[in-house]
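Enquirer: Dropping the sequence and predicted coords here.
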Amino acid sequence: MKRAMISAARKTILLVDSSKFTVPGFCTLCDVAELQEVITDDGIQPDALASLKMSETPVSIVPNSRS
C-alpha cells in the first residue's frame, strides 16, 4: 500500500526526526534517491547528514524546538 502511494505521488517528502537515523530500521519503504526531499531536525549526526547529501536528495534542516 505504501509503495503504491509513493509511486502515485507527484512529490515524495520524508519528514523524519533526527533520532531515527541512529537506530537500525525495521523496514525500508523506498531508497532515499526516490525522494524529492528529506526534512529533519538539527540534531542529525554529521555522518548521517553526509550520507543523505551523497544521495543528491535535497535535505532541509529545521531547528529542534525541544532544546
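Expert: That came through fine.
Enquirer: Put the alpha carbons of the lowest-mean-pLDDT helix or strand in the chain into PDB.
Expert: Within the chain, no helix or strand scores below helix 2-8, which has a mean of 79 by mean pLDDT, DSSP states H and E. C-alpha atoms of helix 2-8 as PDB (Å, rounded to 0.1, in the frame of the first residue of the first chain):
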ATOM      1  CA  LYS A   2       2.700   2.500   1.000                       C
ATOM      2  CA  ARG A   3       4.800   1.600  -2.100                       C
ATOM      3  CA  ALA A   4       1.700   2.300  -4.300                       C
ATOM      4  CA  MET A   5       1.200   5.700  -2.600                       C
ATOM      5  CA  ILE A   6       4.900   6.600  -3.300                       C
ATOM      6  CA  SER A   7       4.500   5.500  -6.900                       C
ATOM      7  CA  ALA A   8       1.400   7.600  -7.400                       C
END
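Enquirer: which helices and strands does that helix pack with?
Expert: On a contact count with 3 or more CB pairs under 8 Å, 6 or more residues apart in numbering; DSSP states H and E, helix 2-8 meets no helix or strand. Just so you know, the C-beta spots here come from the backbone N, C-alpha and C atoms, and that holds for glycine as well.
Enquirer: Please identify the buried residues of the following helix or strand past that helix?
Expert: Counting by DSSP states H and E, the element after helix 2-8 in chain order, helix or strand, is strand 13-15. Within strand 13-15, the residues that qualify as buried are residue 14, counting by 16 or more other CB atoms under 10 Å.
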